[in-house]
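Asks: kindly generate the corresponding structure for this input.
(2 chains)
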Amino acid sequence: MDEQPVNFVVFSGTDDKLQALAVMTAGAAALGKQVNIFLQYWALDAFSKAKIDADHGLAPEAGTEGRAKVDALAAAGQASWAETLRQAKELGEVDIQACSLSMDILGLEESDLDPLVDGLEGVTAFYLNAGDGQIIFI
Amino acid sequence: MADVQVDARGLNCPMPIVKTAQAVKAMVSGQTVEVLATDPGSVKDFAAWSKTTGNNIIEQTADGGVFRFVMQKK
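Replies: Numbers count the residues shown, from 1 in each chain, chains lettered A, B, ... in the order given. A predicted model of the protein is given here:
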């Protein structure tokens, strides 16, 4: 199959943006599309073992009303973004890489990251793997 | 009666498709899966999933907000 992968560069580390990433990834995996995820800055920080299950807050535009709506959905049993990504990885080809520069900035070692993260790479390797597929920035 | 049942009622997008894709992955060619979903996006989502994966929808009904799909693995 000569279909191009779907590629996400994820910068933001709030739970709503990571949930959007997880939903888009799971949908692509269910369709049999290869997904490449490149984690930078605050998104990478959220994938550390110490923080993955923590509350990462929401984007500023959520406000208190948005917070209440998101909390209601979680209370109704919506899977967390981390759980949705785990299921997506079981289902299809989802490769999650940490940006090596962001690792340096945050002072993280590979052993500090949740097992959802497959490895670390630089931006050149990311572009190579992205091929001619779309690159989506979150 | 389908070979495999997936009850995705109450689950939000994309879980009905994810649960179905997981079930179909474990099935053999020709087997059928019956899915129940309440996500209103599932009608277009299952049509798109079927078109992309080649797993045909052989029955589709809607009753009181519950969407039912029977699909056959390619």
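
Asks: farthest residue from the center of chain B?
Replies: residue B:64 (17.4 Å; Cα atoms, centre = their mean).

Asks: pLDDT score for it?
Replies: For residue B:64, the pLDDT comes out at 93.

Asks: now residue A:76
Replies: At residue A:76, the model reports a pLDDT of 89.

Asks: ditto for the one 3 residues further on
Replies: Reading off the confidence values, residue A:79 has pLDDT 92.

Asks: spatially nearest residue to it (excluding sequence neighbours)?
Replies: Of all residues not flanking residue A:79 in the chain, residue B:15 sits nearest, at 6.7 Å (Cβ to Cβ, 6 or more residues apart in numbering or on different chains). C-beta here means a position set from N, CA and C on the backbone, and glycine is covered the same way.

Asks: show me what contacts the one you found?
Replies: A:26, A:79, A:84, B:8, B:39 (Cβ atoms under 8 Å, 6 or more residues apart in numbering or on different chains).

Asks: most neighbours out of those, which is it?
Replies: With neighbours taken as other Cβ atoms under 10 Å in any protein chain shown, the top of those is residue A:26, carrying 28 neighbours.

Asks: my guess is it meets residue A:84, correct?
Replies: Yes: the pair residue A:26 and residue A:84 passes the contact test of Cβ atoms under 8 Å, sitting 5.4 Å apart.

Asks: returning to that earlier point: and which of the contacts of residue B:15 is nearest to residue A:127?
Replies: Ranked by distance to residue A:127 (Cβ to Cβ), these are led by residue A:26 at 24.2 Å.

Asks: thinking again about what came up before, out of the contacts of residue B:15, list just those in helices.
Replies: Mapping the contacts of residue B:15 onto helices (DSSP state H) picks out A:26, A:84.
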